[in-house]
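Participant: Dropping the sequence and predicted coords here.
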Number of protein chains: 2
Amino acid sequence: MKEIVECIPNFSTSNPKVVEAILNEIKSVEEAYLLDHTYDDYYNRLVVSYIGNKKSVLAATLNSAIKAIELIDMKSHKGQHPRTGAVDIVPFIPIRNVSIKDCIELARKFGKKLAERCNVPVYLYGEAASSSERSDLDWIRLGEYEGLQEMLVKPERKPDFGPASPHPTAGATITGARKVMAGFNVNLGTADIRIAKKIAKALHAKKGGLVFVKAMAAEIPEKKITQIGMSISNFEKTPLYRVFELIQIEAKRYNVPIVGSEFCGLAPLRAMIDTIKYYLKIDDLDEDRILEVAVQKAIEKGRE
Amino acid sequence: MKEIVECIPNFSTSNPKVVEAILNEIKSVEEAYLLDHTYDDYYNRLVVSYIGNKKSVLAATLNSAIKAIELIDMKSHKGQHPRTGAVDIVPFIPIRNVSIKDCIELARKFGKKLAERCNVPVYLYGEAASSSERSDLDWIRLGEYEGLQEMLVKPERKPDFGPASPHPTAGATITGARKVMAGFNVNLGTADIRIAKKIAKALHAKKGGLVFVKAMAAEIPEKKITQIGMSISNFEKTPLYRVFELIQIEAKRYNVPIVGSEFCGLAPLRAMIDTIKYYLKIDDLDEDRILEVAVQKAIEKGRE
């Protein structure tokens, strides 16, 4: 593959049968390759990651979105993650020999086609946004699925594609383009969501936290703990260790321990490198100094 | 490349012209790919890493070793790293679709040919060793280059190939097979080599330290600091963070800070994963959950 685009759509479901049907749509597209998928009950949300060329990724995204709209009924959807629709958010991400501009174009094509095919309102966000406020997911999501009827009629909230009224069972979809980011969740040894919310607030950029971090609090009832769910949009400028250590500092105030953490989705290598450099006080380390990366590059060179 | 072997020979030189001549021998072999090389004055040692198929790696190793023996004179060699010869140690390492048995065979072939071509005594070590004591580098290196004359005549120290007397300018060579290991050096904020030696001793397996760690102390005069130079032969069972934290604990006793660290040679990805898991308390992370690895695997799948 010369050009590689990644797409990481988030669907509002944790029903294994619906998950399977969505994944099958992606797998059946030639030259689209599933990388990862995760879902759980407490967010009631499926996050899928796949790559391919522009054409195959667009086809996989459209087919899986149409299937999701067919199978998911937002009227009965509950979940701790903010969401506006069955196909909630669809970012296109440049990986290799593809520009952010190419990804913006993909988001526009996808949004237009989905609106036409399913009569669902579609917003463009991130680098594909049609206005500066629309680049911000939080602004678009205000009121969530339940508030769509009221929001969509406001002139400043007219969707970029499709009708100015919600799809009855699928709500609205948000699509756009962005760079690789890190999804990182930290589990707290407390079931008290009020504490988790205070800590999430302390981390969240707009509330006084770290500039490239969005943080939210969620409950994990089966483990009787809470979680700070985060996305770090620029993990090179705001590295993981800084996020982790700051949570530790804030949590200490409530005598709450960090009991675990996880990457949500795939872990970017550069985010890992910065973290290991910090903890082991390594002066100098980059991707090319990692054995597996160096071997891979030598193989590619051999193929040329 | 279907089969990939790595070789990491250590040469007793830090003369840039000799380094260049050695590297040129490797680069000029078709299908051998240089991954990395480092050398410095205080160890007076060149560590080179390259990969290829069995045939190309054997050719690159033999050619570069012959060149090194031609150019290096051990009679005037000084350096802080223990060494027995110009071509000091030559491990073959299985990377992909190659077994440790294949690497043992490569070491035997290389050792036999080098002994024949250059009349240099050669010992087999590691997985290629002809007796259990010979698997241990320290045993073979006893007395170093300067003690070779005395050692080689002992019946139990008869070399595996070549004469039972040292090559006048090239000493003796040690070759063998081993798995991927991590070279990891930690710098101490003290110029006092006695403290560094105590800390190295505390880490070294045979002296009561961590089982898969070999540690030595060295001076870095230009920075007025000391270094614990280590090789960690099984970094999955003895992970880097444990090594680092134990050094920290031992150093605290002398009020000596850790001022930096570095990988010696390339950093294995799995060693990094275990370390990030520890510091960020990540429950579950493996290679396949790293974006770049997952992308690479999808590309390989697409090529099939």
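Facilitator: Noted; the coordinates are in hand.
Participant: Any idea which residue of the stretch 51-200 of chain A lies closest to chain B?
Facilitator: With Cβ to the nearest Cβ, the shortest gap between the stretch 51-200 of chain A and chain B falls at residue A:51, namely 5.7 Å. For the C-beta atoms, the positions are set from N, CA and C on the backbone; glycine is no exception.
Participant: which stretch of helix or strand covers that residue?
Facilitator: Assigned by DSSP states H and E, residue A:51 belongs to strand A:45-52.
Participant: for stretch A:94-102, what is the average pLDDT?
Facilitator: Averaged across stretch A:94-102, pLDDT comes to 96.
Participant: same check, this time on stretch A:54-69
Facilitator: 98.
Participant: quick one: stretch A:16-30 near chain B?
Facilitator: No: with Cβ under 8 Å from any Cβ of the partner chain as the criterion, chain B is not reached by stretch A:16-30; the gap is at least 9.7 Å.
Participant: now that stretch: how far from the chain's centre is it?
Facilitator: Counting by Cα atoms, centre = their mean, to the nearest Å, stretch A:16-30 is centred 18 Å from the centre of its parent chain.
Participant: what's the worst-scoring helix or strand of chain A on mean pLDDT packed up against?
Facilitator: In chain A, no helix or strand scores lower on mean pLDDT, DSSP states H and E than helix A:291-303, which sits at a mean of 86. Packing partners of helix A:291-303 (3 or more Cβ pairs under 8 Å, 6 or more residues apart in numbering or on different chains; DSSP states H and E): strand B:4-7, strand B:32-40, strand B:45-52, helix B:269-279, helix B:291-303.
Participant: So what touches the last one?
Facilitator: What that stands for is helix B:291-303. The contact list for helix B:291-303 (Cβ atoms under 8 Å, 6 or more residues apart in numbering or on different chains) reads A:1, A:4, A:6, A:31, A:33-36, A:49, A:51, A:95-96, A:180, A:266-269, A:287, A:292-293, A:296, B:269, B:287-288.
Participant: those helices in the stretch 101-250 of chain A, which residues are they?
Facilitator: A:137-141, A:148-152, A:193-203, A:240-252 (DSSP state H, counting those that start in this stretch).
Participant: What residues sit buried inside the third one?
Facilitator: Buried residues in helix A:193-203, counted by 16 or more other Cβ atoms under 10 Å in any protein chain shown: A:193, A:195, A:196, A:197, A:199, A:200, A:201, A:202, A:203.
Participant: how much space between the second one and residue A:225?
Facilitator: From residue A:195 over to residue A:225 the distance is 11 Å, taken as Cβ to Cβ, to the nearest Å.
Participant: Kindly report the same for residue A:176.
Facilitator: Here the distance between residue A:176 and residue A:225 works out to 32 Å (Cβ to Cβ).
Participant: for chain B, what are the nearby residues on the stretch 201-304 of chain A?
Facilitator: A:240-241, A:244, A:258-263, A:266-269, A:272-273, A:275-276, A:279-285, A:287, A:289-296, A:298-299, A:301-302.
Participant: Buried ones among the residues you listed?
Facilitator: Using 16+ other Cβ under 10 Å, the buried members of these are A:240-241, A:244, A:258-263, A:266-269, A:272-273, A:275-276, A:279-282, A:285, A:289-296, A:298-299, A:302.
Participant: And chain A, what are its domain boundaries?
Facilitator: A:4-177, A:182-289 (automatic domain parsing).
Participant: Could you provide the ones you listed in a markdown table, with additional columns for distance to residue B:84?
Facilitator: Formatted as a markdown table, the domains of chain A follow (distance: least, Cβ to Cβ, whole Å):
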| stretch | distance to residue B:84 |
| --- | --- |
| domain A:4-177 | 46 |
| domain A:182-289 | 28 |
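Participant: Okay, angle between whichever strand or helix holds residue A:65 and strand A:45-52 too, please.
Facilitator: Assigned by DSSP H and E, residue A:65 belongs to helix A:54-71. Computed by axes from the mean of the first three to the mean of the last three Cα atoms, to 10 degrees, the angle separating helix A:54-71 from strand A:45-52 equals 160 degrees.
Participant: Mind checking what helix or strand follows helix A:54-71 in sequence?
Facilitator: Following helix A:54-71 in sequence, per DSSP H and E, is strand A:87-96.
Participant: helices or strands up against that next one?
Facilitator: Partner elements for strand A:87-96 (3+ Cβ pairs under 8 Å, 6+ apart): strand A:4-7, strand A:10-11, helix A:54-71, helix A:100-118, strand A:173-177.
Participant: what about dumping the CA coordinates of that strand to CSV?
Facilitator: This file holds the C-alpha atoms of strand A:87-96, laid out as CSV (Å, rounded to 0.1, in the frame of the first residue of the first chain):
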residue,chain,number,x,y,z
VAL,A,87,-22.8,6.6,13.7
ASP,A,88,-21.5,9.1,16.2
ILE,A,89,-18.2,10.3,15.0
VAL,A,90,-16.1,9.4,12.0
PRO,A,91,-12.6,10.8,11.8
PHE,A,92,-10.3,10.2,8.9
ILE,A,93,-6.6,10.2,9.8
PRO,A,94,-3.5,10.4,7.5
ILE,A,95,-1.0,7.6,8.1
ARG,A,96,1.3,7.4,5.0
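Participant: mind listing what that strand pairs with, with the direction of each?
Facilitator: strand A:4-7 (antiparallel), strand A:10-11 (antiparallel), strand A:173-177 (parallel) (DSSP bridges).
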